[in-house]
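Q: Build me a model:
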Amino acid sequence: MNWNKGIRQVHRWLSVIFTVSVIATFVALAQREPIVWVSYVPLLPLALLMLSGLYLFALPYLAKWRGGRRPAPGA
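A: Model (predicted):
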């Protein structure tokens, strides 16, 4: 598998995990006696999302900087 394709797949799954953890946090904090530490659960997926997102954001600029060729328009 291509390295970039793997990072994209991980980024997608991290977004699902982050969304589920935010929903779980809302549910946990809505209880009569909220569990406060649950509010920290989404921070790990969020940090990993930021790192993988920055990598994916920088890919086109790194390719241009390295002199990589882009496909011709309409190809």
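Q: Tell me which residue is most central in this structure.
A: Taking CA atoms, centre = their mean, the centroid of the chain lies closest to Leu49, which sits 2.7 Å from it.
Q: contacting residues for it?
A: Leu49 makes contacts with 11, 14-15, 18, as judged by CB atoms under 8 Å, 6 or more residues apart in numbering. Where you see a C-beta, it was placed from the backbone N, CA and C, and this is true even at glycine.
Q: Repeat that for Val22.
A: Pro42.
Q: which SSE is it in?
A: Assigned by DSSP states H and E, Val22 belongs to helix 3-29.
Q: list the buried ones in that helix?
A: Judged by neighbour count using 16 or more other CB atoms under 10 Å, the buried positions of helix 3-29 are 7, 11, 14, 17-18, 21, 25.
Q: any idea which residue of this protein is furthest from its center?
A: Here the centre of the chain is the reference, and by CA atoms, centre = their mean the most remote residue is Arg32, at 31.8 Å.
Q: Please, which helix or strand holds that residue?
A: Under the criterion DSSP H and E, no helix or strand holds Arg32.
Q: so what's the backbone phi/psi at it?
A: Main-chain dihedrals, Arg32, degrees, to the nearest 10: phi -60, psi -40.
Q: returning to what we had before: mind putting the buried residues of helix 3-29 into JSON lines with pLDDT and distance to Val36?
A: Rendered in JSON lines, the data for the buried residues of helix 3-29 read as follows (pLDDT from 0 to 100; distance: CB to CB, whole Å):
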{"residue": "Ile7", "pLDDT": "93", "distance to Val36": "33"}
{"residue": "His11", "pLDDT": "96", "distance to Val36": "29"}
{"residue": "Leu14", "pLDDT": "97", "distance to Val36": "24"}
{"residue": "Ile17", "pLDDT": "97", "distance to Val36": "21"}
{"residue": "Phe18", "pLDDT": "98", "distance to Val36": "19"}
{"residue": "Ser21", "pLDDT": "97", "distance to Val36": "15"}
{"residue": "Thr25", "pLDDT": "95", "distance to Val36": "10"}
